[in-house]
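Peer 1: I would like the atomic coordinates for the input below:
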Amino acid sequence: MDTFKTIWITREEGAKAQNPAEFREITPDDLMEGEVTVAVSHSTVNYKDGLAITGKSPILRRYPMIPGIDLAGTVTQSSSPDFREGDAVLLNGWGVGEGHMGGFAQMARVKAEWLIPLPGSMSAAEAMAIGTAGYTAMLAVLALEKYGLSPNDGPIAVTGASGGVGSVAVALLAKRGFEVVAVTGRTAEADYLKNLGASDIVDRAEFAGDPRPLAKERFAGGIDAVGSKPLANLLSMIRYEGAVAACGLAGGFDLPATVMPFILRGVSLLGIDSVKKPKPVRLEAYERLASDLDRDKLAAITRTIGLSEVIGVAGDILAGKVRGRLVVDTAK
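Peer 2: Numbering: from 1, shown residues only. Alright, predicted model coming up:
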């Protein structure tokens, strides 16, 4: 195509703040270098994308920039032996949408090593309904399982349960037979979370106060997408030799905890990075997502918007007003 639509962000030289994001058309010559060109059919809106578009956090490392840390589509050109024209592919992370032009466009040019094949049983729209949020949730579930936790060990708490990571984590854990306790600031979403498989709903307020060094042992483990005091409180409530997989900082990047859970209860804190995971781990995660994630439940937590609507929802996702997952159809 001679021109294509995108979300475009610039910043004037020497300026402290970026210019407002705009919906505009550019040409393939405006893209960055890469071995593979992809006709992007779908993307998704993550918390990090909201930060990039609003400029609330200086996560963009170059200008101009196309945000969007996820993309799925079809290869149109490739100089890599790993991919051929017509291959269905997807991408999560690798600094795309931050330092390399990303998925909020109808075309992307990226490094071949960043791509993985789209699972044969999964559509591009479903892959982006999962997106980095769902992929991260799967990595967290895998980490808890590899640590040794099983449904017989007791309940697993999921903080930020109504958000993208939390919603998928609740569904995945429930499918594996875990008792899931959903921690959310939006208790009105109780029916939504129970439909995903949560057995109990806990108000986030119980996790928002100043944490005690040790609290009553309530959970065998947890998945935390919030950070700060909620994570510190969760750690204080983990049973002996339990573990928490930490994968987000929607509530802050500080951790006002003590060492007490670690040295008196043998609790482990498992850090989850989704950006630079090697391809074998990504393939394992998507193989499990393809088999474990109920497609009807995935559809129930997904809303589809057009590329032109992305700028308008960026602030909503930062404010916690978005439930579940937002898929971007670049043709709209």
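Peer 1: residues contacting residue 125?
Peer 2: Contact analysis of residue 125 by Cβ atoms under 8 Å, 6 or more residues apart in numbering lists 41, 42, 72, 304, 327, 329. (Glycine included, C-beta is placed from N, CA and C.)
Peer 1: same thing with residue 213?
Peer 2: Taking Cβ under 8 Å, 6+ apart as the criterion, residue 213 is in contact with 236, 258, 260, 261.
Peer 1: go on, residue 49?
Peer 2: If you count contacts by Cβ under 8 Å, 6+ apart, residue 49 has them with 67, 68, 69, 97, 104, 310, 314, 317.
Peer 1: returning to what we had before: now, which of the contacts of residue 213 lie within strands?
Peer 2: Using DSSP state E, no member of the contacts of residue 213 sits in strands.
Peer 1: Pull out the buried members of the residues you listed.
Peer 2: Using 16 or more other Cβ atoms under 10 Å as the burial test, the contacts of residue 213 include 236, 261 as buried.
Peer 1: in the lowest-mean-pLDDT helix or strand in the chain, what's buried?
Peer 2: When the helices and strands of the chain are scored by mean pLDDT, DSSP states H and E, helix 295-300 comes last with a mean of 91. Within helix 295-300, the residues scored as buried using 16+ other Cβ under 10 Å are 297, 298.
Peer 1: Check which helices and strands the helix or strand just after it sits against.
Peer 2: On the C-terminal side of helix 295-300, the nearest following helix or strand under DSSP states H and E is strand 302-306. Here strand 302-306 touches strand 325-329, going by 3 or more Cβ pairs under 8 Å, 6 or more residues apart in numbering; DSSP states H and E.
Peer 1: Quick check: mean pLDDT of the strand it packs on?
Peer 2: Taken as a whole, strand 325-329 carries a mean pLDDT of 95.
Peer 1: Sheet partners, orientation included, of that strand?
Peer 2: If you go by DSSP bridges, strand 325-329 pairs up with strand 36-44 (antiparallel), strand 302-306 (parallel).
Peer 1: Could I get the buried residue list for the first one?
Peer 2: When neighbours are counted by 16+ other Cβ under 10 Å, the buried residues of strand 36-44 are found to be 36, 37, 38, 40, 41, 42, 43, 44.
Peer 1: Neighbours of residue 167, how many?
Peer 2: For residue 167, the count of nearby residues is 31 (other Cβ atoms under 10 Å).
Peer 1: Between the contacts of residue 213, which sits nearest residue 118?
Peer 2: residue 261 (40.3 Å; Cβ to Cβ).
Peer 1: residues in contact with the closest one?
Peer 2: So residue 261 contacts 213, 214, 235, 236, 238, 267 (Cβ under 8 Å, 6+ apart).
Peer 1: could the residues you listed go into CSV alongside distance to residue 118 and pLDDT?
Peer 2: Formatted as CSV, those follow (distance: Cβ to Cβ, whole Å; pLDDT from 0 to 100):
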residue, distance to residue 118, pLDDT
213, 47, 96
214, 46, 97
235, 37, 98
236, 41, 98
238, 37, 98
267, 38, 98
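Peer 1: Make TSV from the residues you listed and add distance to residue 250 to it.
Peer 2: Formatted as TSV, the contacts of residue 261 follow (distance: Cβ to Cβ, whole Å):
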residue	distance to residue 250
213	24
214	25
235	17
236	20
238	20
267	22
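Peer 1: Can you lay out the contacts of residue 213 as TSV showing distance to residue 185?
Peer 2: Formatted as TSV, those follow (distance: Cβ to Cβ, whole Å):
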residue	distance to residue 185
236	19
258	25
260	26
261	23
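Peer 1: got the strands paired with strand 325-329 as CSV, with mean pLDDT and distance to residue 128 columns?
Peer 2: CSV is the format used below for the strands paired with strand 325-329 (pLDDT from 0 to 100; distance: least, Cβ to Cβ, whole Å):
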stretch, mean pLDDT, distance to residue 128
strand 36-44, 98, 4
strand 302-306, 96, 9
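Peer 1: Downstream of the longest helix anywhere in the chain, the next helix or strand is which one?
Peer 2: In terms of residue count, the longest helix belonging to the chain (DSSP state H) is helix 124-147. For helix 124-147, the following helix or strand on the C-terminal side (DSSP H and E) is strand 156-159.
Peer 1: export the helix or strand that that following strand is followed by as PDB, just CAs?
Peer 2: The element immediately downstream of strand 156-159 (helix or strand, assigned by DSSP H and E) is helix 164-175. The C-alpha trace of helix 164-175 is given here as PDB (Å, rounded to 0.1, in the frame of the first residue of the first chain):
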ATOM      1  CA  GLY A 164      -6.400  -7.300  31.300                       C
ATOM      2  CA  VAL A 165      -3.800  -9.400  33.100                       C
ATOM      3  CA  GLY A 166      -6.100 -10.200  36.000                       C
ATOM      4  CA  SER A 167      -9.000 -11.300  33.900                       C
ATOM      5  CA  VAL A 168      -7.000 -13.700  31.900                       C
ATOM      6  CA  ALA A 169      -5.200 -15.000  35.000                       C
ATOM      7  CA  VAL A 170      -8.500 -15.700  36.800                       C
ATOM      8  CA  ALA A 171      -9.700 -17.700  33.800                       C
ATOM      9  CA  LEU A 172      -6.500 -19.600  33.400                       C
ATOM     10  CA  LEU A 173      -6.100 -20.500  37.000                       C
ATOM     11  CA  ALA A 174      -9.800 -21.600  37.300                       C
ATOM     12  CA  LYS A 175      -9.400 -23.800  34.200                       C
END
